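any chance you can model this:
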Amino acid sequence: MHIRPADVTDADAVFELLRQFVTGYPARRQAFDRDYEYLLAQTYDGTDLLVADDEGAVIGYALATRFLVFYAGGQVCELQELMVAPEHRGRGVGRQLVDAVVARARAAGAIEVLVPTRCARDYYRALGFTEAATVLKLPLT
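The predicted structure is shown next:
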């Protein structure tokens, strides 16, 4: 198993994982296809879309963004999505994806990696993350 940047051939597998992702938004294929292509075209600088590839099968993915903020004095990275197929959990796939996001953030000069989470708090604590803030949201649709 290895971690690599996603490519166009991974779209169906990543979408299937997205459908299983615990979230308050429905997975819509048309929006996914539009956004997936946009991310792969690297028109959205500062984004990492990585997949866990197990002998040609995508068994997990991570989506992270880096952005510049004043409070940290540089870039921060936010891990927005981390998903591993249920049958592959407990094998370190998620940890390898997180480690790859952290390595890429560090290489890009980011100050810290943030993870907004509600359900996986203990998982991220076990990886060395500490609780620092509460995330609030205002739906616009």
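
relative to P5, how far out is the nearest residue to M1 once chain neighbours are set aside?
Using CB to CB, 6 or more residues apart in numbering and skipping the chain neighbours, the partner closest in space to M1 is D54 (4.4 Å). C-beta here means a position set from N, CA and C on the backbone, and glycine is covered the same way. Counting by CB to CB, to the nearest Å, the gap from D54 to P5 is 16 Å.

what does stretch 121-137 contact?
Residues from elsewhere that reach stretch 121-137 (CB atoms under 8 Å, 6 or more residues apart in numbering): 94-95, 98, 113-117.

gap between the two ends of stretch 12-28?
Terminal residues of stretch 12-28 are spaced 12 Å apart (CA to CA, to the nearest Å).

if we can go back for a sec, you'd agree the residue nearest to M1 is up against H88?
Yes - the criterion here is CB atoms under 8 Å, and D54 meets it with H88 at 7.2 Å.

buried residues, stretch 105-123. List them.
Residues of stretch 105-123 classed as buried by neighbour count (16 or more other CB atoms under 10 Å): 105, 110, 113-115.

cool, and stretch 130-139?
By neighbour count on 16+ other CB under 10 Å, the buried set for stretch 130-139 is empty.
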